[in-house]
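Enquirer: how would this look folded up:
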Amino acid sequence: MKKVLTLILILYCSYAFAQDSLKSFNNSRIKTTSAGLEVLGGWGIVNVGAGAIGWANSTTNTSRYFYQMNVIWGSVNFGTALISYAGLQRDRKKHFTAAETLKEQQKLEKIFLINGGLDVAYIGTGLYLKLAGDSRNSPIMKGYGSSILLQGGFLLIFDGLMYQSEKNNGGKLRHFLEKHPITFDGRRVGMIFNR
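Expert: Take a look at the predicted model:
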């Protein structure tokens, strides 16, 4: 009987430790992602403000279109950051299981990786528009192309840094889960033994 009680106590303590560590990990993940979204939102605000001022004071068509596109991109970046930030703050109140934590972490890594690929496409599109605008003497293509190059370049750096940060967090989570393979699904406690 003592052995059974000891085993139950060990499993319960291990589960409590794992739950506390998972909560700490989720808080850290949310904090990291929130900080990134604040940067993206700030970049969006700067682009809307500076773009609006530049648009109003432009002396050439090319610069007018450049600032116009910066306002558009800034609005999209700010809106995306705001909606994502609000959703992330709701996650602060949730209690994630190990499986849910891993799923959320993998989802974040995938989002930033896919966004990095889109950023390369934005840069390519911006470069094409700028070069085509130069050869056709089209102010709208030159202005929009230059703006898309700038925005795509920023987003590539941003998404690359966020992906790397989330990948590092994911590595810590996977390492933790490998070291603490005790599971609890609300009804059963289990222990995984590796051979």
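
Enquirer: Kindly state the pLDDT recorded for residue 96?
Expert: Looking at residue 96, its pLDDT stands at 89.

Enquirer: again with residue 42
Expert: For residue 42, the model assigns a pLDDT of 98.

Enquirer: and what of residue 179?
Expert: So residue 179 comes in at 78 (pLDDT).

Enquirer: ok, now the one 4 residues further on?
Expert: At residue 183, the predicted lDDT confidence score is 56.

Enquirer: Then residue 1?
Expert: pLDDT at residue 1 comes out at 64.

Enquirer: what about the helix or strand where residue 176 lies, distance to the chain center?
Expert: Here residue 176 sits within helix 139-179, counting by DSSP states H and E. Going by Cα atoms, centre = their mean, to the nearest Å, the spacing between the C-alpha centre of helix 139-179 and its chain's C-alpha centre is 8 Å.

Enquirer: Provide a list of residues in contact with residue 155.
Expert: Going by Cβ atoms under 8 Å, 6 or more residues apart in numbering, residue 155 touches 77, 115, 118, 119, 122. Placement of C-beta: from N, CA and C, glycine included.

Enquirer: Could you list the low-confidence segments of the chain?
Expert: Applying pLDDT under 70 to the chain flags the ranges 1-20, 180-195.

Enquirer: Let me see the ranges of the strands in it.
Expert: Using DSSP state E, the strands found in the chain span residues 182-184, 189-191.

Enquirer: ok, back up a step: narrow the contacts of residue 155 to just the buried residues.
Expert: 77, 115, 119, 122 (16 or more other Cβ atoms under 10 Å).

Enquirer: Stretch 86-96: how far from the chain's middle?
Expert: Using Cα atoms, centre = their mean, the offset of stretch 86-96 from its chain centre is 15 Å.

Enquirer: Name the residues that touch it?
Expert: Against stretch 86-96 from outside (Cβ under 8 Å, 6+ apart): 22, 23, 26, 27, 30, 33, 34, 37, 104.

Enquirer: let's go with 6 Å and repeat that
Expert: Residues outside stretch 86-96 that contact it (Cβ atoms under 6 Å, 6 or more residues apart in numbering): 26, 30, 33, 34.

Enquirer: nearest to residue 177, of those?
Expert: residue 26 (13.0 Å; Cβ to Cβ).

Enquirer: and the closest one, how many residues sit next to it?
Expert: 20 (other Cβ atoms under 10 Å).

Enquirer: show me what contacts it?
Expert: Counted by Cβ under 6 Å, 6+ apart, residue 26 has contacts 96, 101.
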